[in-house]
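Engineer: sequence unknown, structure follows:
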């Protein structure tokens, strides 16, 4: 059994355009990830609800490679909580619930906020 198909001139033009830009698609992805990562890092403090914030944790988030994070050793503990646990100095934290600020930040990003950086980069590439 034979199978054949024809591509329209528009389809052939799109294939030619994409083929010519294929080496730049990775750059679009990298730039889009950087824009999104920066947006996430900048939004995290908006979802922190501490009684007495020092500002140190709030200002510690950045985009590094393919992740957003903080270099502070207690950032994870503040995200997920530390209730009923003892730290390396022997201090017991009876009531230390998590802030879930990263979870809240990611949960409140709109689809447009997630995709906009990538769309903007594609527009730059394709004109």
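Structural biologist: Structure received. As the structure is a computational prediction, the values presented were derived from the model and not from experiment. Numbers count the residues shown, from 1 in each chain.
Engineer: Grab the nearest non-local neighbour of residue 47.
Structural biologist: residue 104 (3.9 Å; Cβ to Cβ, 6 or more residues apart in numbering). Any C-beta I mention is one placed from the backbone N, CA and C, and that applies to glycine too.
Engineer: Please, where are all the helices along the protein?
Structural biologist: With helices called from DSSP state H, the chain shows them at 9-43, 75-80, 101-107, 111-126.
Engineer: In a markdown table: those, plus mean neighbour count, distance to residue 55 and mean pLDDT.
Structural biologist: Output for the helices of the chain, formatted as a markdown table (neighbours: other Cβ atoms under 10 Å; distance: least, Cβ to Cβ, whole Å; pLDDT from 0 to 100):
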| stretch | mean neighbour count | distance to residue 55 | mean pLDDT |
| --- | --- | --- | --- |
| helix 9-43 | 13 | 14 | 83 |
| helix 75-80 | 17 | 13 | 91 |
| helix 101-107 | 17 | 14 | 94 |
| helix 111-126 | 14 | 24 | 87 |
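Engineer: Out of the ones you listed, flag the one nearest residue 89.
Structural biologist: Proximity to residue 89 (Cβ to Cβ) singles out helix 75-80 among these, at 13.1 Å.
Engineer: Give me the helices and strands touching the closest one, please.
Structural biologist: For helix 75-80, the packing partners by 3 or more Cβ pairs under 8 Å, 6 or more residues apart in numbering; DSSP states H and E come out as helix 101-107.
Engineer: can you rerun that using 10 Å?
Structural biologist: Counting contacts by 3 or more Cβ pairs under 10 Å, 6 or more residues apart in numbering; DSSP states H and E, helix 75-80 is packed against strand 67-70, helix 101-107.
Engineer: quick one: residue 31 and residue 79, what's the gap?
Structural biologist: 28 Å (Cβ to Cβ, to the nearest Å).
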